[in-house]
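Peer 1: my questions concern the predicted model and sequence given below.
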Amino acid sequence: MSQPQSLRELRDRPFELLRELERRGRAVAGGRDSTEGREWVGVAFRLGAESFLVAREETREIMALPSMLTRVPGARSWIRGLANVRGLLLPVIDLRQYLGSGVTALSRNVRVLIVNHRDIPAGVLVDEVQGFRRFAESEFVPNAPPTLVRCERYLAGAFRRGGEGWPVLSLKLLVESPSFLQAAS
């Protein structure tokens, strides 16, 4: 293999330029092959004392709790109310209360995860959003660890890294479940 060349010397030879850029990218990545392992990205959040993940694709947006929530007469207690989010009426659901694990105490860390579902608009209230987490797909295990929050039927496996287990909550399973869709008292 020839000596690495400057990119300026390769500007008139596009194929060689691309090859050199790829070589440099692999060197920066520690020699890892980009096809070696795919990456999974999710949003980490906290319910009570436990941390969970939701797939990035299942979350449309993360927002603070709207200042105005309109109670819905005759709705179940876990429906905190309706919020007007840019002209869309969005039901805000207290996820902990829906799961039977107590009411979410309002604090400055409370956030609403807006579910990315074509037919069912919903926002779920969580204690705190901890940001994005990235995992190699090889870190996925189909069996989620036991949780204190009773959400087993909505778990879609977990990611393990070191001694930590990150259960993956499926927002799709949650919003499509018959008990979720029965919002009237």
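Peer 2: Perfect, I can see it now.

Peer 1: how about the nearest residue to Leu53 once chain neighbours are set aside, what does it touch?
Peer 2: In space, and not counting its chain neighbours, Leu53 is closest to Gly42: 3.9 Å by CB to CB, 6 or more residues apart in numbering. (C-beta placed from N, C-alpha, C; glycine too.) By CB atoms under 8 Å, 6 or more residues apart in numbering, the residues touching Gly42 are Leu53, Val54, Ala55, Arg56, Phe132, Arg133, Phe135, Phe159, Trp166, Val168.

Peer 1: of those, grab the buried ones for PyMOL.
Peer 2: Per 16 or more other CB atoms under 10 Å, the buried members of the contacts of Gly42 correspond to this PyMOL selection:
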select buried, resi 53+54+55+133+135+159+166+168
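
Peer 1: which one of the contacts of Gly42 is nearest to Val115?
Peer 2: Val54 (8.9 Å; CB to CB).

Peer 1: these two touch, right, the closest one and Val41?
Peer 2: No - using CB atoms under 8 Å as the test, Val54 is too far from Val41 to be in contact (10.6 Å).

Peer 1: and the protein, what are its domains?
Peer 2: The record's domain parsing of the chain by automatic domain parsing lists 1-36, 39-181.

Peer 1: could I get the contacts of Gly42 as TSV with distance to Ala144 and pLDDT?
Peer 2: What follows is the contacts of Gly42, written out as TSV (distance: CB to CB, whole Å; pLDDT from 0 to 100):
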residue	distance to Ala144	pLDDT
Leu53	10	96
Val54	13	97
Ala55	14	95
Arg56	18	95
Phe132	20	93
Arg133	15	93
Phe135	14	94
Phe159	10	95
Trp166	9	94
Val168	7	96
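
Peer 1: turn the contacts of Gly42 into JSON lines, columns for secondary structure and distance to Arg11.
Peer 2: Listed next are the contacts of Gly42 as JSON lines, based on DSSP: H, G, I helix; E, B strand; the rest coil; distance: CB to CB, whole Å:
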{"residue": "Leu53", "secondary structure": "strand", "distance to Arg11": "44"}
{"residue": "Val54", "secondary structure": "strand", "distance to Arg11": "44"}
{"residue": "Ala55", "secondary structure": "strand", "distance to Arg11": "41"}
{"residue": "Arg56", "secondary structure": "helix", "distance to Arg11": "37"}
{"residue": "Phe132", "secondary structure": "strand", "distance to Arg11": "36"}
{"residue": "Arg133", "secondary structure": "strand", "distance to Arg11": "39"}
{"residue": "Phe135", "secondary structure": "strand", "distance to Arg11": "38"}
{"residue": "Phe159", "secondary structure": "strand", "distance to Arg11": "43"}
{"residue": "Trp166", "secondary structure": "strand", "distance to Arg11": "45"}
{"residue": "Val168", "secondary structure": "strand", "distance to Arg11": "46"}
